[in-house]
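**Student:** Build me a structure from this.
(2 chains)
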Amino acid sequence: MRKLAGLAGLLLLLASCGDAETTPNSIRLIAHDSFASGVTEETFAAFTQATGTEVEVIAAGDAGSMVNQAILTKDNPLADVIFGIDDTFLSRALENEILTPFESQYLDTVSDGLILDPTHRATPIDFGDVCINYQKAWFEETALDVPQELDDLRSELYASFLTVEHPATSSPGLAFMLATIEEFGEENWLEFWADLRAAGVRVAPDWDTAYYADFMPYGGSSSMVVSYASSPPAEVIFASEPIDQAPTGVIDVGCYRQVEFAGVLAGTPYPTAAGQLIDFMLSVEFQETIPLTWFVFPANTTTPLPEEFVIHTVLPESPAQMDPERIARNRDRWISQWVSVMEG
Amino acid sequence: MDLTVGVGDGRLMAGSPPNNDSTRRADHRQTADLTNGTIRRTPRRWGWLLTALVPAIFIGYFFVYPVARILTLGLSELSFGSSGLEARLIRVGWFTVWQATASTVLTLLFAAPMTWAVSRFEFRGRRLATALVTVPFVLPTVVVGTAFVALGWRDSIWAILAAHVFFNTAIIVRTVGTLWARLDPDILGAARVLGAGPWETFRRVTLPLLKPAIAAATSIVFLFTFTSFGVVLIIGGFEYATLEVEIYRQAVSFFDLPLAAALALVQLVGVTAALYGYSRYQDRHTSSWALSSDSSRVKPRGGARAGVVLAVGGTLSLLAIPIGVLVARSLGTDSYRALFQDDAVVGVPIESAANSFRFAAVAMVIAVVIGVMSAAVIAGRSGRLSRWFDLTLMLPLGTSAVTIGFGFIVALGWPVDLRASFVLVPIAHALIAVPFVVRITVPTLKAIPPDLHEAAAVLGTSRGRVWWRIDFPIVAKAALVGSAFAFVISLGEFGATSFVARPATITMPVMIFRLLSRPGQQSLGMAMALAVALAAITAAVVMWIDRLQVGEVGSF
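**Tutor:** Okay, here's the model as predicted:
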């Protein structure tokens, strides 16, 4: 009986190898909702034309929910390729061995700082800098200076006009929390947050609420909000009336660089096609579409940036980044500590 | 103690002591239910089991099995004694229960005047008013959330309660209204003739007759608010957490499946207990007469006229406040025109309506078929089996969305891999919608006068024909109200879908989410315009469903 099963397994393996060499008609890409909702018929048209393989995109909630679903279905994967694992969830994905190595031919176009997995199971596709945004008009009216360092925020003058997102329910919220840990160190970061709380900082559950309800340009009471370095260009592109100056700006302090990765899911019957898809996603052809579709920056440094991204934003000089393993080891504890300081 | 096993509700009624209602009423019920029991019981057993089979397979495969799989997976790794957790659990559990109770009571009180007005009276604009009251129900939480926050209603328990009332008023108005509008006017008239004043008639006759519907609506509102997620997060600020929020944090943010499973189990047990209490209550309060197949609405006159204007006008204007914020934000930037234009990033936003309609239509059909079959099963027999069947159907409403979503992906890979299939979306919606159809249909079914059946049987009419001519027209009306809810639930993309792995399809709520996740005045304007469009479509669809003529009502 055992032998039979073994034989069947071998046959299956052979069959799947056979499939991998011929091209599959379609492969599945599992991604978070933000990515999936930006996918149109054109997104992967060039890939399908070149390889003859269709790409079926599966949406799986937010990044955390998606990684967890991939882990739960490790033995019988939902898809062939996964996209949208960020650096804060990278360790969880790697430790649970859901990915198989693939070295993209475009890897040398990616700056070293983004390659966080030396074994190439996770390939960086894009990055976004989480930074505090401010409303220019408010700072002009009040004649206040834009904060020069995180320490400035401790004052009521600033903190009571700042909204941050909750690190347990928001990825920019978590990123900003990590930036403060990098800045102040494990001994002092909680004290910073205690000061912020005492000075009246506002906490929103997610980015939507922080930006569209609490931020002054949208009728809120905060002149500063934790958002992205790419938000000001979006303000210009999606303004109601054409404008040539962004109404908001980026404060180059407390920025955190979030990297998003793609990977080949272990157990896919089509590793070759899966690798081709990752290559495509790192090629200039796809990378060019990233900024204006998902408002993050392409990982491939040879990609030309759209004009709006050049004019209306600054790439922060030295955004914080943290070793994914350190994040994985500590995030739960850090979030709990943050919660006890902010809610206690 | 339990004499109910295998015995029709007639005998249970006969054996139980009369409750606080008047003896006259209890006597009346006793006879009615006895006939009810004898007529409906024995010969139908096989038919009953067969009818039960389809919904049982549906709920078993798409709910019980996935939830059981994910819970056992999580609980198998649970180790006890994690630090300080019990205290937090008690705090969160307590908050969950009391906010749900308070929200339910407030919703009931808030919805009462409007329910009275649209059930008792026929007036110009009644259908429109009932359709409008459904609108809040369909709006995505994030949209309403930002409106509440913009109004400054936030960071307090009052804001949470207000939001719950806002979202759930429609459930009371429509569920209770369905039964109330069909109360037999002769009975109310008789009470009047016997000298009871309007208030006395309401308290002594109408209210007891409405109890099943009120209890049904209340149970749904309770479950909805018990599992509240978005409202608590967005409007409540970070000081408040329900079990639902806590399960999400443990399962998604911390990936602590054992703990998440333990919390989910606590949630399930709590919900089951509440539902059990409800079903016991329901057993004691069935009214088996007094329904007419025509509505008994009258034209309001005199004082009633002012009352109707006040009730309908007041309720709608209060509900309109947050919606006014949406409308205001959607105006002025050519947002509506932009919905029909090809946006470089998101395509033509209004095209998402087609996808939403497709899903909603399928979800509605599934929910109505499963729901009406279940209702027939539940109303056809009472007893333990029927009660647990009913209770299980209700559970998805009270189960955390994460549990259902993760359950789907661990369980539905076999025999056919449905895990990332299109069909899961309408199925997930139908799971939430079936309880609505059941809760609206069962009280109506139970209230069909048994003498109608008897008369038909005496005249030699076949059972199927009796069902078709008597039950069907009355049930169909209730089922239509239920299907409107099913449609609307799907249009609004309720909770569970966001945790289900599903093909990337741009529905209206997804498009709103997409627009709201990018900065810019125009993005916000378009998102709000699309939300207003969603509201308008909802109102139109609900009105259209309400207007459908059902069979030859009352021509028997």
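**Student:** how about the residues of the stretch 1-150 of chain A near chain B?
**Tutor:** A:28, A:30-31, A:33-34, A:36-40, A:56-62, A:64-65, A:67-69, A:71-73, A:76, A:78-79, A:92 (C-beta under 8 Å from any C-beta of the partner chain). Yep, even glycine has a C-beta here, placed from its N, CA and C like the rest.
**Student:** now the residues you listed: which count as buried?
**Tutor:** Among these, those classed as buried by neighbour count (16 or more other C-beta atoms under 10 Å in any protein chain shown) are A:28, A:30-31, A:33-34, A:36-39, A:56-62, A:64-65, A:67-69, A:71-73, A:78-79, A:92.
**Student:** Which ones among those residues map onto helices?
**Tutor:** A:D33, A:S34, A:A36, A:G64, A:S65, A:V67, A:N68, A:Q69, A:I71, A:L72, A:R92 (DSSP state H).
**Student:** any idea how far B:L524 is from the residue nearest to the second one when sequence neighbours are not counted?
**Tutor:** Using C-beta to C-beta, 6 or more residues apart in numbering or on different chains and skipping the chain neighbours, the partner closest in space to A:S34 is B:S517 (6.0 Å). Noted for B:S517: a distance of 11 Å to B:L524, by C-beta to C-beta, to the nearest Å.
**Student:** Next: B:T392.
**Tutor:** Distance of B:T392 to B:L524, computed by C-beta to C-beta: 42 Å.
**Student:** who has more neighbours, the two?
**Tutor:** The neighbour comparison of B:T392 against B:L524 (other C-beta atoms under 10 Å in any protein chain shown) goes to B:L524, with 25 against 18.
**Student:** Quick check: chain neighbours aside, which residue is closest to that one?
**Tutor:** Nearest one to B:L524, counting by C-beta to C-beta, 6+ apart, is A:Y212 at 5.8 Å.
**Student:** Spell out the secondary structure type for the one you found.
**Tutor:** Look at A:Y212: counting by DSSP: H, G, I helix; E, B strand; the rest coil, its state is helix.
**Student:** and the host helix or strand of B:W544, what other elements does it pack with?
**Tutor:** Using DSSP states H and E, B:W544 sits in helix B:521-547. Under the contact definition 3 or more C-beta pairs under 8 Å, 6 or more residues apart in numbering or on different chains; DSSP states H and E, helix B:521-547 sits against helix B:126-138, helix B:141-150, helix B:303-330, helix B:335-339, helix B:352-380, helix B:472-491, helix B:508-516.
**Student:** again, only this time at 7 Å
**Tutor:** helix B:126-138, helix B:303-330, helix B:335-339, helix B:472-491, helix B:508-516 (3 or more C-beta pairs under 7 Å, 6 or more residues apart in numbering or on different chains; DSSP states H and E).
**Student:** report the angle between the axes of the first one and helix B:141-150?
**Tutor:** Angular relation of helix B:126-138 and helix B:141-150 on a 0 to 180 degree scale: 90 degrees, by axes from the mean of the first three to the mean of the last three C-alpha atoms, to 10 degrees.
**Student:** who's in contact with helix B:126-138?
**Tutor:** Here helix B:126-138 makes contact (C-beta atoms under 7 Å, 6 or more residues apart in numbering or on different chains) with B:114, B:118, B:166-167, B:169-170, B:173-174, B:312, B:316, B:319, B:323, B:488, B:491-492, B:534-535, B:538-539, B:542-543, B:546-547.
**Student:** Report the buried residues of that helix.
**Tutor:** B:R126, B:A129, B:T130, B:A131, B:L132, B:V133, B:T134, B:V135, B:P136, B:F137, B:V138.
**Student:** Tell me how far the last one lies from chain A.
**Tutor:** Using C-beta to the nearest C-beta, to the nearest Å, one gets 19 Å for the distance from B:V138 to chain A.
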